[in-house]
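here is a sequence together with a model predicted from it:
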Amino acid sequence: VHGQWADDVHHALHVALTGEKQGYYADFDDEGALGKMLRSPFFHDGSWSSFRGRSHGRTVDPATVPGWRFVASLQTHDQVGNRAAGDRLSHLLDTDLLGCGAVMLLTSPWTPMLFMGEEWGASTPWQFFTDHTDPEIAGGTRRGRRAEFSAHGWAAEDVPDPQDPETFRRSKLAWSEVSTGDHASLLGLYRDLIALRRTTPDLRDGDLSRAGATWEHETRRLDVRRGEHRVLVNLGEEPWETSASGPVLLAWGSGAAVSGAVPGSPVLVPARGAVIVAP
């Protein structure tokens, strides 16, 4: 096998960023989940799954399997389209947290995959749409979607009709927003992260034996060690004075750009912010 989806990485990132815990996300409401998912592609490696009601998964040998064989994401057509209203992370999070998610994904040992418009926080949804010509299949699809989400408290009329052309039209990207406001800021961050990943070997290193990550569940602070570099992500509401004191390669969040500017001074990560620190 040349590669494999790492859906567990998506689930852990989603829960940490949004706080959603329903369905299969329940397994990832665990204080060790996020840190583990930045060191190993599978949360369940023979452990108990409360969602499945049984033990699940297998281990990955970090000495023989490189991280780049696993494809990880913050969003996909499947994860977004199979929400009742097709709401993206940009409908659930502010721009600061969207950027924190990007930092975690694009500095990970996995092969990152971006979903269309994710890189600028597209405001348009991605709703489940179909164009079945067989009336029986079309009706069955419509009824199936509404029945599925009614079990989760959604009114039938609030679940978009997959056969309605407007459902498709609503899902088309609004390219005019790319260069405006927060959209442009987020796109700039993605570009900077991709450039850093390309030019900084530590940040794309797929050697899982060298990957380290610690997540403090209560304070919502993540400390990732990527070789000699540190990726510090603060999802909490209070600034974080860290033990890092090296040069800041990238900063995201209000006030982050000047944190650690004085040589030898501690790097301060703002609330809902992130910093990448060189050795």
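On my side now, so go ahead.

which parts of the stretch 151-279 of the chain are helices?
In the stretch 151-279 of the chain, the helices defined using DSSP state H, counting those that start in this stretch lie at 165-170, 181-199, 201-204.

list the buried residues of the first one.
This means helix 165-170. Neighbour counts over helix 165-170 (16 or more other CB atoms under 10 Å) mark 167-168, 170 as buried. For every residue, glycine as well, the C-beta is placed using N, CA and C.

and what of the second one?
By neighbour count with 16+ other CB under 10 Å, helix 181-199 contains the buried residues 182-183, 185-186, 189-190, 192-193, 196-197.

and stretch 69-89, by the same measure?
69-76, 79-81, 83-86, 88-89.

now do stretch 143-163
Using 16+ other CB under 10 Å as the test for burial, stretch 143-163 gives 145-146, 149, 159-163.

which one of those is nearest to Ala26?
Of all those, Phe149 has the smallest distance to Ala26: 17.9 Å, by CB to CB.

leaving out chain neighbours, which residue sits closest to the closest one?
What sits nearest to Phe149 in space, not counting adjacent residues and going by CB to CB, 6 or more residues apart in numbering, is Ala84, at 4.3 Å.

hang on, the one you found packs against Ala156?
No: here Ala84 does not reach Ala156: they are 10.5 Å apart, not a contact under CB atoms under 8 Å.

and the gap between Pro266 and Thr180?
Pro266 sits 35 Å away from Thr180, going by CB to CB, to the nearest Å.

who has more neighbours, the two?
Pro266 (14 against 11; other CB atoms under 10 Å).

could you check the pLDDT of that one?
Turning to Pro266, the model gives it a pLDDT of 87.

what sits against it?
Applying CB atoms under 8 Å, 6 or more residues apart in numbering to Pro266 gives the contacts 241-245, 260.

may I see those arranged in CSV, with distance to Val277, neighbour count and pLDDT as well?
Formatted as CSV, those follow (distance: CB to CB, whole Å; neighbours: other CB atoms under 10 Å; pLDDT from 0 to 100):
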residue, distance to Val277, neighbour count, pLDDT
Glu241, 13, 12, 92
Thr242, 8, 19, 92
Ser243, 10, 9, 90
Ala244, 4, 22, 91
Ser245, 8, 13, 87
Gly260, 7, 23, 53
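
ok, the residues you listed vs Glu31, which is closest?
Thr242 (19.6 Å).

how near is that closest one to Ser108?
Taken as CB to CB, the span from Thr242 to Ser108 is 19 Å.

mind listing residues that contact the least confident helix or strand in the chain by mean pLDDT?
Within the chain, no helix or strand scores below strand 45-49, which has a mean of 76 by mean pLDDT, DSSP states H and E. The contact list for strand 45-49 (CB under 8 Å, 6+ apart) reads 27, 54-60.
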